[in-house]
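Engineer: can you look at this prediction? I've put the sequence above it.
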Amino acid sequence: MAVASRSPTPDVAKLFLQTLDISSLFVTQEIFESRTHKSETHKTDHFQRIHATTGVPFTSMPFFDDEDRNIHAVSKMGVTSILVGNGVNLKALSQGLSEFSRKSASSSRRV
């Protein structure tokens with residue numbers, strides 16, 4: 001798994017992951033301060049870096065986000081993108097992984 005996030009407090013976001021003891025689950029963490037990066041910084045930049053770091057194809061990446069513009073931009077890369085209203089909860093995770101599984105199965109049948 002990887003994290004791609006813009007935050008006004010990236011240190012707090014990283015500490016939160018460590019406090020939950022899940023930081024080690026992420027092969028890369030793209031967490032940047034939103035005030036120092038232009039608001040035009042696109043999630044696609046995060047995904048390009050994640051792909052370069054991990055070698056994982058975009059079609060093998062599920063993505064959860066609460067911003068419609070990010071969902072549209074990243075979907076064009078081939079990433080399965082799931083719009084969540086109030087963050088990723090168990091229901092959103094289950095629905096998103098089901099959608100990712102369906103898309104993965106249908107694309108493997110086309111190969």
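Structural biologist: Happy to help now that I have it.
Engineer: which residues in this structure form helices?
Structural biologist: Remark: helices assigned in the chain by DSSP state H are 10-19, 43-54, 68-75, 90-110.
Engineer: right, and these - which one's nearest Phe32?
Structural biologist: For Phe32, the closest of the helices of the chain is helix 10-19, at 6.2 Å, according to C-beta to C-beta. In this view, the C-beta of every residue, glycine as well, is placed from N, C-alpha and C.
Engineer: which elements pack onto the closest one?
Structural biologist: In terms of contacts (3 or more C-beta pairs under 8 Å, 6 or more residues apart in numbering; DSSP states H and E), helix 10-19 is packed against strand 2-7, strand 28-33.
Engineer: closest to Lys14 out of the ones you listed?
Structural biologist: Nearest of those (C-beta to C-beta): strand 28-33, 6.0 Å.
Engineer: pull out the buried residues from the closest one.
Structural biologist: By neighbour count on 16 or more other C-beta atoms under 10 Å, the buried set for strand 28-33 is Thr28, Gln29, Glu30, Ile31, Phe32.
Engineer: show me what it is packed against.
Structural biologist: Other elements packing on strand 28-33 under the criterion 3+ C-beta pairs under 8 Å, 6+ apart are strand 2-7, helix 10-19, helix 43-54.
Engineer: what's the burial count for Phe26?
Structural biologist: Phe26 is flanked by 14 other residues according to other C-beta atoms under 10 Å.
Engineer: against Lys91, how distant is it?
Structural biologist: 22 Å (C-beta to C-beta, to the nearest Å).
Engineer: again with Phe100
Structural biologist: 15 Å.
Engineer: which residues sit in contact with Leu97?
Structural biologist: The contact partners of Leu97, taken as C-beta atoms under 8 Å, 6 or more residues apart in numbering, are Pro62.
Engineer: distance of it relative to Leu90?
Structural biologist: Applying C-beta to C-beta to Leu97 and Leu90 gives a distance of 11 Å.
Engineer: now do Ala13
Structural biologist: According to C-beta to C-beta, Ala13 stands 21 Å off from Leu90.
Engineer: what's in contact with stretch 69-77?
Structural biologist: Under C-beta under 8 Å, 6+ apart, the answer for stretch 69-77 is His42, Lys43, Thr44, Phe47, Phe58, Phe63, Asp65, Ser81, Ile82, Leu83.
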